[in-house]
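# coords please:
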Amino acid sequence: MNIITSCSICNDIQTCFKCLSSFVHHYTLLHTYIHSSLYVFLLSAAPELPILERRNWLIHLHYIRKDYETCKAVIKEQLHETQGMCEYAVYVQALIMRLEGKIQQSLELFQSCAILNPKSSDNLKQVARSLFLLGKHKAAIEVYNEAARLNQKDWEISHNLGVCYIYTKDFKSAEEQLNLALQLNKHDLTYMMLGKIHLLQGDTETAIDVYKSAVEFSPENTELLTTLGLLYMQVSDAISCLKRANYLSAILAAGSMMQTHGDYDVAMNKYRVAAYSVPESPPLWNNIGMCFFGKKKYVAAISCLKRANYLSPFDWKILYNLGLVHLTMQQYASAFHFLSAAINLRPRMSELYMLLAVALTNLDDADNARRSYEQALQLDEYLLVNLNFAVFLYNQGDKKAALLQFQEMERKVNTQVDNNSNTEFDPEVLNPSLILTKIWPFRH
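Sure, this is the predicted structure:
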């Protein structure tokens, strides 16, 4: 204030600027000093303290990636730093021990977790699980009961208690616990175990009722459907067994068998029933498309297969069928596109490389077609690869190599016929002379 007052009466403007600059300089020095002093004070007043959970995120990341060696290294470092007091590190170490088959060591580590956090039902569940794997079912029941007192709404505890009671032959308690688990949260596995209890007691009718409820809850579970069908057959109720065929998996299986025998219209009638209930099923539209293909209605087949591909773009079977239909329609560029996609998903299937080679041959890419045939031969003993490769080589003018491939195909046919009299072949494959008269008229 003194500087401003003295400057306010100063008539020399240059002197005024000098005074103002001096004020700003002194103010800046004072401000810097105060802040640096405060920073030093805060550093001395708040020393860095170790945080027990600071590496938990890294441990979790390596564990879910199944990078167990790195995960164990991080856990070791964390436990050394925290003197074994990090609960999560011990917990994950125990899980890894169990995956490695070291059940006893995992049990001891889970018990350490329970000591570090005695109010955690998850820790007790893992202790009980390890006891169960060691065959100590009664001890596991005691620990599960203790976990149930901490968390009464965990269906998994009730389910596992029921399983333990089954092993101790206490079927009444097992049934009570499994029913409680179903009240908390319905699950396929719980239904399976509950039905198993009734079967062990010889009560097939009640078991059927349980599996019927299970199928209503999970209509696409093939294991439940199979078990229920077998139980109906066991009690000689064939009509009820066949009624289960209204479900998609059964319809697809029945329709597929009919397609194999050329009964396309009957199979289509089956699929029509399924389409009303499950219109967005990729396997259903795939099978419908191949029915149209069998009836030589190729445009309809492609439409159905493309719908299936839209619903399930990573199903290699659908892509395979699309490639096959486009080959039949002589649309080789489209066939190449779908077959290449199928190979990316199923790179170990020789038939895909063979069909790709056929497409490349018709696209006048002989070099890549030859590579595809060679790759197919490396993957499998599929004899039609040799046959198609022989035709390809003959058309390319390499008659000597073509003859070798044809002889290799003959050898495979004879080997399969000798080893398995039930093997079915195309009549032309079993009659080499018929093929030879078509592609090698000079040989008799």
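# got the contact list for residue 283?
Going by CB atoms under 8 Å, 6 or more residues apart in numbering, residue 283 touches 252, 308. (Each C-beta comes from the backbone N, C-alpha and C, glycine too.)
# Try it again at 7 Å.
residue 252 (CB atoms under 7 Å, 6 or more residues apart in numbering).
# any idea which helix or strand carries it?
Assigned by DSSP states H and E, residue 283 belongs to helix 282-294.
# Off-centre distance for the helix or strand hosting residue 374?
Assigned by DSSP H and E, residue 374 falls within helix 366-379. Relative to its parent chain, helix 366-379 has a centroid offset of 31 Å by CA atoms, centre = their mean, to the nearest Å.
# Need the contact partners of whatever helix or strand comes next after that helix.
Remark: after helix 366-379, the chain's next helix or strand is helix 383-395, criterion DSSP H and E. Outside of helix 383-395, the residues within contact range by CB under 7 Å, 6+ apart are 350, 354, 358, 361, 369, 373, 376-377, 401-402, 405-406, 408-409, 412-413, 439.
# how about helix 383-395 as CSV, C-alpha atoms only?
Only the C-alpha atoms of helix 383-395 are listed here, as CSV (Å, rounded to 0.1, in the frame of the first residue of the first chain):
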residue,chain,number,x,y,z
LEU,A,383,-10.5,-90.3,-50.7
LEU,A,384,-12.6,-87.9,-52.8
VAL,A,385,-9.8,-85.4,-52.5
ASN,A,386,-7.5,-87.8,-54.4
LEU,A,387,-10.2,-88.3,-57.0
ASN,A,388,-10.9,-84.6,-57.6
PHE,A,389,-7.2,-83.8,-57.5
ALA,A,390,-6.6,-86.6,-60.1
VAL,A,391,-9.2,-85.0,-62.4
PHE,A,392,-7.7,-81.6,-61.9
LEU,A,393,-4.1,-82.8,-62.7
TYR,A,394,-5.3,-84.6,-65.8
ASN,A,395,-7.1,-81.5,-67.0
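# Let me see the mean pLDDT of that helix.
Helix 383-395 shows a mean pLDDT of 88.
# Could you list the buried residues of it?
383-394 (16 or more other CB atoms under 10 Å).
# Secondary structure class of the one residue sitting closest to the centre of the chain, three-state.
In the chain, the C-alpha nearest the mean C-alpha coordinate belongs to residue 314, at 12.3 Å (CA atoms, centre = their mean). Under the three-state scheme (DSSP: H, G, I helix; E, B strand; the rest coil), residue 314 adopts coil.
# Mind checking which of the contacts of helix 383-395 are buried?
Buried members of the contacts of helix 383-395, counted by 16+ other CB under 10 Å: 350, 354, 358, 361, 369, 373, 376-377, 401-402, 405-406, 408-409, 412-413.
# Show only the entries of those residues found in helices.
Residues of the buried ones among the contacts of helix 383-395 located in helices (DSSP state H): 350, 354, 358, 361, 369, 373, 376-377, 401-402, 405-406, 408-409, 412-413.
# per the record, what domains does this structure have?
Here the domain parsing of the chain from automatic domain parsing is 248-295, 296-439.
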